[in-house]
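[1] Give me a model of this one.
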Amino acid sequence: MSRLSIVWLAPWLLLCWLSLVALAQSPPPAEGLPGSISGTVFDQSGAVAVGAKVQLKREDQSLSQEAVSGDKGEFYFANVPAGPFWLAISGDGFASQEFSGVLAPGEPHVMPSIVLAVATVVTQVDVGLTQAEIAEEQIKEQEKQRVFGFIPNFYVTYAKDAVPLTPRQKFKLAWKSTTDPFTFAAVGVLAGIQQGTNDFKGYGQGMEGYGKRYGASYADVVSNTFIGSALLPSLLKQDPRYFYKGTGTTRSRFFYALANAVISKGDNKRWQPNYSGILGSLAAGGISYLYYPPSDRHGAALLYQNTLIRVSGSAVAGVFQEFVVRKLTPHLPDQPNQP
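    Numbering: from 1, shown residues only. Take a look at the predicted model:
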């Protein structure tokens with residue numbers, strides 16, 4: 001190449017070099033520039049909200065940022081990529097709020113004044129039933145239990161974990177049982193049978209004899225029920241009801257039913273000797289001497305004999321409760337321990 005050519009090309013080469021240097025030092029396109037987001041948080045009184053939590057969210061959750069408003073309620077996010085964004089602002093005692101917007105490339109975006117509303121206080125009151133109230137509901141279910149739909153069966157509970165009764169509820173159940181129409185009818189039938197077989201001869205015959213037998217039989221029911229199922233269970237803290245088992249082998253259920261004549265659940269839900277039932281039978285038998293004819297009072301031996309009969313009868317009744325009565329009692333509440 002000649003000297004003249006080099007001289008001619010040099011200015012052009014210098015111009016190209018300067019252009020490349022200028023391009024290298026020029027800023028990137030505007031569309032790639034990050035921007036910033038700032039704002040101020042106030043409460044409803046117009047005072048700045050210090051310590052409010054401000055969360056910046058974007059479509060790419062990995063780019064989420066958090067800030068806390070400063071002493072003047074201000075917050076600031078730098079180097080925020082352009083595009084849609086969401087702000088979530090929350091503070092103690094204030095309702096959370098969300099705002100959205102679109103950040104332009106390189107834009108210093110200033111949010112309008114953000115005013116936090118006071119959060120609505122929701123007070124939740126947990127109204128739970130007391131043990132006595134639960135027991136009352138269970139008694140209401142028991143009072144619906146009638147064999148064949150009309151024979152009262154109040155002293156058995158099918159609840160898996162029946163709540164102990166209060167003394168008031170024990171007396172209420174005794175009153176309900178002794179004043180049931182079927183009780184009056186059953187006592188009338190029993191008095192009629194006694195009249196026919198001439199039991200308690202000292203009462204005589206005729207309407208007067210029947211009335212005395214009726215009164216004595218009903219007095220037996222009342223004294224035995226109130227003493228053995230209300231008074232003593234309240235004093236000794238025992239439950240007078242039969243607790244239906246309904247599960248296990250036939251053998252285990254059979255012996256469980258027999259044992260319930262001499263054992264009972266305490267109000268502490270533990271099994272213990274049935275002092276209430278046994279002593280109640282003795283007490284009721286002793287009281288009956290006050291109105292039985294003198295010719296039918298045969299001393300302590302008869303008293304113990306009658307008590308043993310009552311206990312045996314209770315054992316037989318338990319077997320019927322466990323295997324028969326439930327099947328003959330309609331409209332029982334469904335219980336998980338029923339077969």
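[2] Strands of the stretch 1-150 of the chain, start to end?
    Taking DSSP state E, counting those that start in this stretch as the criterion, the stretch 1-150 of the chain carries its strands at 35-43, 53-57, 65-68, 74-80, 83-90, 97-103, 108-110, 114-116, 146-147.
[3] now the helices for this structure?
    3-25, 131-142, 167-178, 181-197, 206-226, 232-236, 250-259, 275-288, 299-323 (DSSP state H).
[4] and of those, who's closest to L103?
    Taking C-beta to C-beta, helix 3-25 is the member of the helices of the chain nearest to L103, at 26.7 Å. All C-beta atoms are positioned from the backbone trio N, CA, C, and that covers glycine.
[5] quick revisit: let's have the helices of the chain in CSV, adding mean neighbour count and mean pLDDT.
    Output for the helices of the chain, formatted as CSV (neighbours: other C-beta atoms under 10 Å; pLDDT from 0 to 100):
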stretch, mean neighbour count, mean pLDDT
helix 3-25, 9, 46
helix 131-142, 15, 88
helix 167-178, 18, 95
helix 181-197, 15, 95
helix 206-226, 17, 93
helix 232-236, 20, 95
helix 250-259, 14, 93
helix 275-288, 20, 88
helix 299-323, 15, 81
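[6] now the ones you listed in CSV, with distance to V110?
    Putting the helices of the chain into CSV (distance: least, C-beta to C-beta, whole Å) gives the following:
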stretch, distance to V110
helix 3-25, 31
helix 131-142, 60
helix 167-178, 71
helix 181-197, 85
helix 206-226, 85
helix 232-236, 77
helix 250-259, 80
helix 275-288, 82
helix 299-323, 81
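[7] want to try CSV for the strands of the stretch 1-150 of the chain, with mean neighbour count and distance to Q305 as columns?
    Output for these, formatted as CSV (neighbours: other C-beta atoms under 10 Å; distance: least, C-beta to C-beta, whole Å):
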stretch, mean neighbour count, distance to Q305
strand 35-43, 19, 87
strand 53-57, 18, 84
strand 65-68, 14, 87
strand 74-80, 16, 93
strand 83-90, 17, 81
strand 97-103, 13, 85
strand 108-110, 14, 101
strand 114-116, 19, 85
strand 146-147, 17, 29
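[8] Let me have those strands in JSON lines, extended by mean pLDDT.
    Converted to JSON lines, the strands of the stretch 1-150 of the chain look like this (pLDDT from 0 to 100):
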{"stretch": "strand 35-43", "mean pLDDT": "91"}
{"stretch": "strand 53-57", "mean pLDDT": "90"}
{"stretch": "strand 65-68", "mean pLDDT": "90"}
{"stretch": "strand 74-80", "mean pLDDT": "91"}
{"stretch": "strand 83-90", "mean pLDDT": "89"}
{"stretch": "strand 97-103", "mean pLDDT": "87"}
{"stretch": "strand 108-110", "mean pLDDT": "91"}
{"stretch": "strand 114-116", "mean pLDDT": "88"}
{"stretch": "strand 146-147", "mean pLDDT": "92"}
